[in-house]
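Visitor: next one to model:
(one chain, ligands or ions: 2)
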Amino acid sequence: MATHKLLLLPGDGIGPEVMREVEKIVSWFRKSGIGFETETDLVGGAAYDAHKVAVTDAAMQRAQDADAVLFGAVGGPKWDAVPYNVRPEAGLLRLRKDLGLFANIRPAICYPALADASSLKREIVEGLDIVIVRELTGGVYFGEPKELVTLEDGSQRAVDTQVYTTGEIERITRVAFEMAKTRRNKVSSAEKSNVMKTGVLWRQVVSKIHKAEYADVELEHVLADNAAMQLVRNPKQFDVIVTDNLFGDILSDIGAMLTGSLGMLPSASLGAEDPKTGKRKALYEPVHGSAPDIAGKGLANPIAMIGSFGMALRYSFGLIEEADRLDKAIANVLASGTRTKDIAAPGANAVGTQDVGDAIVRELETLR
Ligand code: IPM
Ligand code: MG
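Guide: Residues are numbered from 1 along each chain as shown. Ligands and ions are numbered 1, 2, ... in the order given. Purely as a prediction, here's the structure:
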């Protein structure tokens, strides 16, 4: 039996709680005959507390050796005062950078049962199915110089640098077009070419790749601020949105809320395909953060984390039937009304994190 090596990095806040529910799902698939092997390590504030770094070299090595990394969440007020280079988020950024995970895929799907949980009107979000393809290893997150310096007069000056090269834009553009071809054949590229040079280059490169390789896919260019507005005005006009690291961070939080809750949105971060093995490095994480306010209370919605494992089944292991079954199980559980507080129907009783995980396992059993 082939074995798939998973590295679990639960992290901080609600990370460990939602990861425990994924472990139930992994065990279920293992019992049904799929060879998953799991290892667990620390990341974020948890790693800082134990080792004074946001991720250890040993954990990085395990991530390099794994077939897929499942990542919970990092950060929280407890680590507000730690040095910037070892703050919890630095662990996640190192994983993305060192594993070369340039393509972040964030699908926003509004489950029929949840159309009323969105803060937008039902007709705006019902049936929504879009994907945000976010560039993840470039842009202002990593550009140099990145510094905070004290000037002679005692005031301070902070600099972040937005940088993109042709190659970085080309590869993320191809991911978006390939994705669109399997869907509704439309790509919307979001940048700020009206004020940023990186936006000018972004638009040029996307147009060039479109013309040369994907002329049969519809392409539109949207300014990123307008994209944010259109996402809340009429999100169903989009199919695939491709954008840079920072705009993608922001637009995907909007995407998440369209679906009802930040607790619903999974994501996949993928590297380039290894020409020899055909494999990609991959990390799967919920779009939500560590939610310190509800951590440890068993209130967190584990669906974004479980859905992220579903994306691992699909993208890392080619287990399409299994991924479909898991998605179906999630949809059925939502439809049955078993929901955490963030998405509970008005007046309905909310259940806890573990109840949702257990219900999804039961549903998987029924669907078998
Ligand atoms: C995300 C998060 C991260 C980001 C943080 C935790 C560094 O917001 O994955 O969207 O900004 O990329
Ligand atoms: Mg974010």
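
Visitor: need the pLDDT of Ser118.
Guide: Listed pLDDT for Ser118 reads 87.

Visitor: hang on, it in a helix?
Guide: No: applying DSSP: H, G, I helix; E, B strand; the rest coil, one finds Ser118 to be coil, outside a helix.

Visitor: residue contacts, Ile34?
Guide: Residues counted as contacts of Ile34 (Cβ atoms under 8 Å, 6 or more residues apart in numbering) are His4, Leu319, Glu322. (Glycine included, C-beta is placed from N, CA and C.)

Visitor: make it 6 Å
Guide: Going by Cβ atoms under 6 Å, 6 or more residues apart in numbering, Ile34 touches no other residue.

Visitor: again with Glu17
Guide: Ala300, Thr353.

Visitor: run the last query once more with 10 Å
Guide: Shown in contact with Glu17 (Cβ atoms under 10 Å, 6 or more residues apart in numbering): 10, 72-73, 291, 294-300, 302, 305, 352-354, 357.

Visitor: now the buried members of these.
Guide: Buried members of the contacts of Glu17, counted by 16 or more other Cβ atoms under 10 Å: 10, 72-73, 291, 294-295, 299-300, 302, 305, 352-353, 357.

Visitor: wait, which of the residues you listed is closest to Gly263?
Guide: Using Cβ to Cβ, Ala300 comes nearest to Gly263 of those, at 6.7 Å.

Visitor: report pLDDT for whichever residue of the stretch 151-300 of the chain sits closest to ligand 1.
Guide: Of all residues in the stretch 151-300 of the chain, the one sitting closest to ligand 1 is Asp249 (4.5 Å; Cβ to the nearest ligand atom). Looking at Asp249, its pLDDT stands at 96.

Visitor: who is the closest residue to it other than its chain neighbours paired with across the strands?
Guide: Excluding the flanking residues, the one nearest Asp249 by Cβ to Cβ, 6 or more residues apart in numbering is Arg134, at 7.0 Å. Counting by DSSP bridges, Arg134 is bridged to Asn104, Thr243.

Visitor: isn't there a helix covering Glu363?
Guide: Yes: applying three-state DSSP, one finds Glu363 inside a helix.

Visitor: can you report how many residues lie near it?
Guide: Per other Cβ atoms under 10 Å, the neighbour tally for Glu363 reads 20.

Visitor: now do the contacts for it.
Guide: Counting by Cβ under 10 Å, 6+ apart, Glu363 touches Arg325, Leu326, Lys328, Ala329, Ile330, Ala331, Asn332, Val333, Ser336, Thr338.

Visitor: secondary structure element for the closest residue to ligand 1 within the chain?
Guide: Across the chain, no residue is closer to ligand 1 than Glu89, which sits at 4.0 Å (Cβ to the nearest ligand atom). Per DSSP states H and E: Glu89 is located in helix 88-98.

Visitor: do the same with Ile25
Guide: helix 15-31.

Visitor: quick one: buried residues of that helix?
Guide: For helix 15-31, burial by neighbour count (16+ other Cβ under 10 Å) applies to 15-26, 28-29.

Visitor: who's in contact with the residue positioned nearest the centre of the chain?
Guide: Nearest to the geometric centre of the chain sits Ser267, at 2.8 Å (Cα atoms, centre = their mean). Counting by Cβ under 10 Å, 6+ apart, Ser267 touches 71, 104-107, 132, 134, 136, 252, 256, 283-288, 304, 307-308, 311.

Visitor: got it, and Ala63?
Guide: Neighbouring residues of Ala63 by Cβ under 10 Å, 6+ apart: 7, 9, 39, 41, 43, 55, 69, 71, 94-95, 98-99, 281, 283.

Visitor: just the buried residues out of those, in ChimeraX syntax.
Guide: To isolate in ChimeraX the members of the contacts of Ala63 that are buried, counting by 16+ other Cβ under 10 Å, one can use:
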select :7,9,41,43,55,69,71,94,95,99,281,283
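
Visitor: contacting ligand 1 as well, which ones from the contacts of Ser267?
Guide: Among these, proximity to ligand 1 is found for Val287 (Cβ under 6 Å from any ligand atom).

Visitor: relative to helix 88-98, how tilted is the helix or strand encompassing Ile250?
Guide: Element membership of Ile250 [criterion: DSSP H and E] is helix 245-258. If you take axes from the mean of the first three to the mean of the last three Cα atoms, to 10 degrees, helix 245-258 sits at 110 degrees to helix 88-98.

Visitor: how far does helix 245-258 sit from its chain's centre?
Guide: Relative to its chain's centre, helix 245-258 lies at 10 Å (Cα atoms, centre = their mean, to the nearest Å).
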